[in-house]
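> I'll drop the sequence and a predicted model, then ask my questions.
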Amino acid sequence: MLRKKEVDLEMAAADLAHAAQRKMFEAALDVAYDHAVKHTGEGYANVVDAMQKVLKNGWPDIAYERLRKGLSSGGKWQKFFDNLIATTDQQYLKSLLLSFAFEGALSAFPQSRKMKEKLGMPIPWVILFDPTSACNLHCTGCWAAEYQHTLNLSYDDMDSIVSQANDLGIHFFVLTGGEPLVRKRDLVRLALAHRDSAFMVYTNGTLVDQAFCDDLKRCGNILLSMSIEGYEEATDSRRGNGVFRKVMEAMDLMHKNGLVFGTSICYTRNNLADVTSDSFLDLLISKGVVFSWYFHLHARGK
């Protein structure tokens, strides 16, 4: 009984410390936002200060100094975040940074390190799982296209995965498939139930609509990475006629709603020149794309 009380007190103290750190980081974000609106970069230093207080000796001092310099020197990273603040829904962006930057990375890092010491084994920073094998497309070369489309994780299973991972200090999750947005109602429910976790979803983008954009704002901890193969001919040849147009429309809709999103690009010898060209990157930027993942095509031998 005494040991249980000690554990309960330790957990309560940890919860209070976590809440205080989150408030500190949230206040730093508010300061950074105010400075960005006034076109000054000084506020970003407050965010770095908050990071250093949360991580403490997690990084060497020189790393924080370089980060402060990179964010306050009028360079590319200050411009990047200034543009992000100018084009994104304010409350949504704040929630996104709290879930991905604070909960998914800064807070999770010391938690997982403590669990590593306690359990004597490495703890991963991120967990990837597939909510479903179902997909509304049949893309050439996609291994998921060969799965049975009836395989699903129940909501309870997904909730259990996230809860158990949280206990280990893991608060960052990558969702693939299949097409995860086939299960978007359950994904929204999961994100709302675990606001201290961040969910990056790889999607073909064709199921994005206004109702889902509203849900993304409401959650504040889901980030989409939409698949695209290049321009219309390359994308449609692999994913089906009209898919490029639908992805462009999804990007326009998300940009209009002030949402943050990126792309997932599979490069091959056929599309490499296009997907790395200035004109293609300028197209993505004009659509509101904030980041891009590049993956190589895995060709399975016979």
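Perfect, I can see it now.
> any weak-confidence spans in the stretch 101-250 of the chain?
Screening the stretch 101-250 of the chain residue by residue with the criterion pLDDT under 70, one finds the ranges 143-149.
> Which residue ranges of it form strands?
Assigned by DSSP state E, counting those that start in this stretch, the stretch 101-250 of the chain shows strands spanning 127-129, 172-175, 198-203, 222-228.
> Report the mean per-residue pLDDT for stretch 255-265.
For stretch 255-265, the mean per-residue pLDDT is 97.
> How far off centre is it?
Here the centre of stretch 255-265 is set off from its chain's centre by 11 Å, with Cα atoms, centre = their mean, to the nearest Å.
> one step back: between the strands of the stretch 101-250 of the chain, which gets nearest to Phe100?
Within the strands of the stretch 101-250 of the chain, the stretch nearest Phe100 is strand 198-203; the backing value is 4.3 Å (Cβ to Cβ). The C-beta positions use only the backbone N, C-alpha and C, and glycine is treated the same way.
> The closest one: how far from the chain's middle?
6 Å.
> Kindly report the same for stretch 25-39.
The answer for stretch 25-39 is 21 Å, by Cα atoms, centre = their mean.
> List the buried residues of that stretch.
Within stretch 25-39, the residues scored as buried using 16 or more other Cβ atoms under 10 Å are Phe25, Ala28, Leu29, Val31, Ala32, Tyr33, His35, Ala36.
> Three-state assignment for the nearest residue to the last one once chain neighbours are set aside, please.
In space, Ala36 comes closest to Ile85 once its chain neighbours are excluded; the distance is 4.5 Å by Cβ to Cβ, 6 or more residues apart in numbering. In the three-state summary, Ile85 is assigned as helix, counting by DSSP: H, G, I helix; E, B strand; the rest coil.
> Can you tell me how far Ile85 is from Met200?
Remark: distance between Ile85 and Met200 (Cβ to Cβ, to the nearest Å) = 21 Å.
> Asp186 now?
16 Å.
> What number of neighbouring residues does Val188 come out with?
19 (other Cβ atoms under 10 Å).
> one step back: who's in contact with the residue nearest to Ala36?
Residues in contact with Ile85 (Cβ atoms under 8 Å, 6 or more residues apart in numbering) are Tyr33, Ala36, Val37, Leu93.
> Check the contact between Trp77 and Leu71; I expect there is one.
Yes: at 5.4 Å, Trp77 and Leu71 qualify as touching, with contact defined as Cβ atoms under 8 Å.
> circling back: want to try TSV for the contacts of Ile85, with distance to Arg245 and secondary structure as columns?
Converted to TSV, the contacts of Ile85 look like this (distance: Cβ to Cβ, whole Å; DSSP: H, G, I helix; E, B strand; the rest coil):
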residue	distance to Arg245	secondary structure
Tyr33	35	helix
Ala36	34	helix
Val37	35	helix
Leu93	28	helix
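> and the two most separated of the residues you listed?
Among the contacts of Ile85, Val37 and Leu93 lie farthest apart (Cβ to Cβ), at 12.5 Å.
> which non-adjacent residue is nearest Met153?
Let me fix one detail, which is that residue 153 is Leu and not Met. Pro131 (5.4 Å).
> Spit out the contact partners of that neighbour.
Asn152, Leu153, Met158, Leu175, Gly177, Gly178, Pro180, Val182, Arg183, Asp186, Leu187.
> Could you measure from it over to Leu137?
Distance from Pro131 to Leu137, by Cβ to Cβ: 16 Å.
> before we move on, back to that, more neighbours, Trp77 and Leu71?
Counted by other Cβ under 10 Å, Trp77 and Leu71 do not tie: Leu71 has more neighbours, with 21 against 16.
> could you say which helix or strand contains that one?
For Leu71, the host element (DSSP states H and E) is helix 61-72.
> what's the offset of that helix from the middle of its chain?
23 Å.
> Please name every helix or strand in contact with it.
Counting contacts by 3 or more Cβ pairs under 8 Å, 6 or more residues apart in numbering; DSSP states H and E, helix 61-72 packs against helix 43-55, helix 76-87.
> outside of it, which residues touch it?
Under Cβ under 8 Å, 6+ apart, the answer for helix 61-72 is Gly41, Glu42, Tyr44, Ala45, Val47, Val48, Met51, Gln52, Trp77, Gln78, Phe81.
> Just the buried ones from those residues?
Gly41, Tyr44, Ala45, Val47, Val48, Met51, Gln52, Trp77, Gln78, Phe81.
> OK, contacts around the last one?
With contacts defined as Cβ under 8 Å, 6+ apart, Phe81 is in contact with Ala32, Ala36, Tyr44, Leu71.
> at 10 Å what do you get?
Ala32, Tyr33, Ala36, Gly41, Gly43, Tyr44, Val47, Leu71, Leu93, Leu97 (Cβ atoms under 10 Å, 6 or more residues apart in numbering).
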